[in-house]
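J.: predicted model and sequence below, questions to follow.
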Protein chains: 2
Amino acid sequence: MQHYAEWIVVDWGTSNLRVWMMGADGKPFASDRSDKGMAGLTQDGFEPALLSLIDPYLNPDHVTPVICAGMVGAREGWREAAYVATPCAPPDARAAVAVQAHDPRIAVHILPGVKQMAAPDVMRGEETQIAGVLHSQPEFDGILCLPGTHTKWVHISAGEIVSFQTCMTGEIFALLASQSVLRHSVTTEEWDEDSFIDGVTQAMDSPQSFASRLFGLRAGGLLQGTSAGAARARLSGLLVGLELAGTRPYWLGRHVAILGADSVAAHYRCALAAQGVQAETLDNAGLTLAGLTSAYRSLKGALV
Amino acid sequence: MQHYAEWIVVDWGTSNLRVWMMGADGKPFASDRSDKGMAGLTQDGFEPALLSLIDPYLNPDHVTPVICAGMVGAREGWREAAYVATPCAPPDARAAVAVQAHDPRIAVHILPGVKQMAAPDVMRGEETQIAGVLHSQPEFDGILCLPGTHTKWVHISAGEIVSFQTCMTGEIFALLASQSVLRHSVTTEEWDEDSFIDGVTQAMDSPQSFASRLFGLRAGGLLQGTSAGAARARLSGLLVGLELAGTRPYWLGRHVAILGADSVAAHYRCALAAQGVQAETLDNAGLTLAGLTSAYRSLKGALV
């Protein structure tokens, strides 16, 4: 007998699409992913991209709810789901936008992102991970740091996103390391921890020297034979240090939890430790699924 | 009768190759250029790239001196011309490296760049423009600002390069404006002067907020409908402001001359004026030629 999904959870970002097929017990019994992210799709490409992953699990005799989060709800996405403004709880399905799919077997709902009017800032996707944290730790009070292409610092209190700040640290690192003149100086995946912390300290001590210290990495390689591993780690340190200098109100004297068990999260933990902040690390595997599940419960409530 | 060059001047950068054919009167009577820059050439590609521009002007009965400056002398260039260390006058031909060409009609000399050991920094090509300035203003005492992909701030005194500082401002701007998420927010060549100066002021007041202010440009476009022209100018302003914050010892209370009559030079002049510094603008057309000519005179002297 074919195993049909009771409902389906979708994490649809800029570059990737992930789906989980949920059983009657509230747990995923299958999952799949593809590289059909929002950025590579035109308006009429979203439904086929989704169906290509979920089709075998759709019950022909029922309408299966599909709940989506991420950039799929951006202006350039499948359908725009307008941002909810801070302070707010992570948006649940009552704030979702319904999409009229061509396939009668699915009822698609897209969750909105979160905006902050002053200083202007936005998130799409991270709010689901935050919902996942609050699902397992409803009393969480402090700062969540979500490192990545666009690192988010999020102040959480009383179950709400109070404020947040986005830093383009990861994206700037990737551009400089792969496309600027510095690419000649960081040709390695090696890592020198001391150089990283040196870079963090330098950038925090004199953030205004950032642009000239960058070129110093190139000159240091040419004149002093600085190793590529040291240069790569120092480049990252300069960027993370500049970020920490700018986000001081978020982490100074606060309870900080970093989402992610990967090397980038480890670098942030190490940089914060050098400032005397012992950050907790939360494993982010499953957080998006937990957040979307909790959003779905509210949908069921709303539909009853 | 064919007009042969007495000698030939070559400005050979990363992306471009420019040549001037010089007459007995010490003036150029012809010039040419191609996109055969250093970055696109392998070791054995330099001589053919040069000959393809200068061949018709070579006297078959004489050896024509060819004097080159720029990235052609880098480690990855035709032949490495080791840096001269500051403090120093712009290197003249006595410091040049001779290259053994296959063609017997040319005697090629490559001028070295300039290095600074602390803080580590290097230049290749700009020193020829500096020589050009000193040729026409031997008494110049103050700061030269050479805006570009890698902006140089150079302290000149008593005919020497005392110290200098390189900022990757132009390269970072180009990467962010064309390849980061900000490319969606700066889709224009328009320019809003007030936003530029706002960006300069913000970055100088709080350089540590640079990484988060960048993402604010994207969020501002999404939430407040900030125009692309305003966002583009503010992005440039944030970068130039961060640079000015880091180069304060160079321009504060100094005589500053900006090389370049283009729009980038105008932005720097405007940003400095907002700090109360009235910078002079020097037309950089002809400066490289003047610098290389003055270097050639020393070669003639050295060869006598």
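T.: Everything's here; your move.

J.: C-alpha from now on. contacts and neighbour counts both.
T.: Fine.

J.: ok, then the element right after the helix of greatest length in chain A?
T.: Determined from DSSP state H, the single longest helix within chain A is helix A:228-246. Sequence order places helix A:248-251 as the next helix or strand after helix A:228-246, per DSSP states H and E.

J.: what's that next one in contact with?
T.: A:Ile143, A:Trp153, A:Val154, A:His155, A:Val277 (CA atoms under 8 Å, 6 or more residues apart in numbering or on different chains).

J.: out of these, which is nearest to B:Met123?
T.: Nearest to B:Met123, judged by CA to CA, of the contacts of helix A:248-251 is A:Trp153 at 38.8 Å.

J.: the closest one should be in a strand, yeah?
T.: Yes: counting by DSSP: H, G, I helix; E, B strand; the rest coil, A:Trp153 is found in a strand.

J.: for the closest residue to it other than its chain neighbours, grab the count of nearby residues.
T.: In this structure, A:Trp153 finds its nearest non-sequential neighbour in A:Cys145, 4.7 Å apart by CA to CA, 6 or more residues apart in numbering or on different chains. With neighbours defined by other CA atoms under 10 Å in any protein chain shown, the count for A:Cys145 comes to 28.

J.: ok, A:Ser52 next?
T.: A count of neighbours around A:Ser52, defined by other CA under 10 Å, yields 10.

J.: give me every residue that touches it.
T.: By CA under 8 Å, 6+ apart, A:Ser52 has no neighbours at all.

J.: the one 5 residues further on now?
T.: Applying CA under 8 Å, 6+ apart, one finds that A:Tyr57 lies in contact with A:Gln2, A:His3, A:Tyr4, A:Ala5, A:Met21.

J.: how about 7 Å then?
T.: Contacts of A:Tyr57 were listed using CA atoms under 7 Å, 6 or more residues apart in numbering or on different chains, and they are A:His3, A:Tyr4, A:Ala5.

J.: likewise for A:Asn59?
T.: Neighbours of A:Asn59 in contact, by CA under 7 Å, 6+ apart: A:Tyr4.

J.: check it and give its pLDDT.
T.: A:Asn59 is assigned 95 on the pLDDT scale.

J.: element containing it, please.
T.: Using DSSP H and E, no helix or strand contains A:Asn59.

J.: how near is it to A:Leu146?
T.: Using CA to CA, to the nearest Å, A:Asn59 is found at 37 Å from A:Leu146.

J.: OK, contacts around the nearest residue to A:Ala49 once chain neighbours are set aside?
T.: Once flanking residues are discounted, A:Ala49 sits nearest to A:Lys36: 6.5 Å by CA to CA, 6+ apart. Counting by CA under 7 Å, 6+ apart, A:Lys36 touches A:Ser15, A:Asn16, A:Leu17, A:Ala49.

J.: run the last query once more with 10 Å
T.: A:Lys36 makes contact with A:Trp12, A:Gly13, A:Thr14, A:Ser15, A:Asn16, A:Leu17, A:Arg18, A:Gly45, A:Phe46, A:Ala49, A:Leu50 under the criterion CA atoms under 10 Å, 6 or more residues apart in numbering or on different chains.

J.: coming back round to it: out of the contacts of helix A:248-251, who has the most neighbours?
T.: A:Val154 (24 neighbours).

J.: check contacts around it.
T.: A:Val154 neighbours (CA under 10 Å, 6+ apart): A:126-127, A:130, A:142-146, A:161-166, A:250-251, A:256-257.

J.: change it to 7 Å
T.: A:Val154 neighbours (CA under 7 Å, 6+ apart): A:Ile143, A:Leu144, A:Cys145, A:Ile161, A:Ser163, A:Phe164, A:Gln165.

J.: so what sits opposite it in the bridge?
T.: Using DSSP bridges, the beta-bridge partners of A:Val154 come out as A:Leu144, A:Phe164.

J.: looking at the contacts of A:Tyr57, which is nearest chain B?
T.: Proximity of the contacts of A:Tyr57 to chain B, judged by CA to the nearest CA, is greatest for A:Ala5, which lies at 35.7 Å.

J.: for the residue most central in space within chain A, give its distance to chain B.
T.: The residue lying closest to the centre of chain A (CA atoms, centre = their mean) is A:Glu126, at 4.6 Å. Distance of A:Glu126 to chain B, given as CA to the nearest CA, to the nearest Å: 15 Å.

J.: regarding the nearest residue to A:Leu175 once chain neighbours are set aside, which helix or strand does it belong to?
T.: Distance criterion CA to CA, 6+ apart; nearest residue to A:Leu175, sequence neighbours excluded, is B:Leu175 at 6.9 Å. Assigned by DSSP H and E, B:Leu175 belongs to helix B:169-179.

J.: again, but for A:Thr288
T.: helix A:287-303.

J.: same question for that helix, mean pLDDT?
T.: Per-residue scores along helix A:287-303 average to 79.

J.: can you check stretch A:118-133 too?
T.: pLDDT averaged over stretch A:118-133 gives 94.

J.: residue ranges of each domain in chain A, please.
T.: A:7-124, A:166-282 (automatic domain parsing).

J.: hmm, back to that, can I get the contacts of A:Val154 in JSON lines with distance to B:Gly241?
T.: Output for the contacts of A:Val154, formatted as JSON lines (distance: CA to CA, whole Å):
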{"residue": "A:Ile143", "distance to B:Gly241": "30"}
{"residue": "A:Leu144", "distance to B:Gly241": "30"}
{"residue": "A:Cys145", "distance to B:Gly241": "28"}
{"residue": "A:Ile161", "distance to B:Gly241": "32"}
{"residue": "A:Ser163", "distance to B:Gly241": "27"}
{"residue": "A:Phe164", "distance to B:Gly241": "25"}
{"residue": "A:Gln165", "distance to B:Gly241": "21"}
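
J.: looking at these, which is nearest A:Leu272?
T.: Taking CA to CA as the measure, A:Leu272 sits nearest to A:Cys145 out of these, at 11.0 Å.

J.: do I have it right that that closest one meets A:Ala257?
T.: Yes: in this structure A:Cys145 lies within contact range of A:Ala257 using CA atoms under 7 Å: 6.1 Å.

J.: all helices of chain A, in order?
T.: Assigned by DSSP H, the helices in chain A fall at A:46-54, A:126-136, A:169-179, A:193-205, A:210-224, A:228-246, A:248-251, A:263-273, A:287-303.

J.: tell me which of those helices is the most buried.
T.: helix A:228-246 (a mean of 26; mean count of other CA atoms under 10 Å in any protein chain shown).

J.: is that one up against chain B anywhere?
T.: Yes: interface with chain B: helix A:228-246 contributes A:Leu242, A:Glu243, A:Ala245, A:Gly246 (CA under 7 Å from any CA of the partner chain).

J.: ok, of these, which one's closest to A:Thr86?
T.: Scanning the residues of helix A:228-246 next to chain B for proximity to A:Thr86, where the rule is CA to CA, the winner is A:Gly246, at 20.5 Å.

J.: contacting residues around A:Gly77?
T.: A:Met38, A:Met71.
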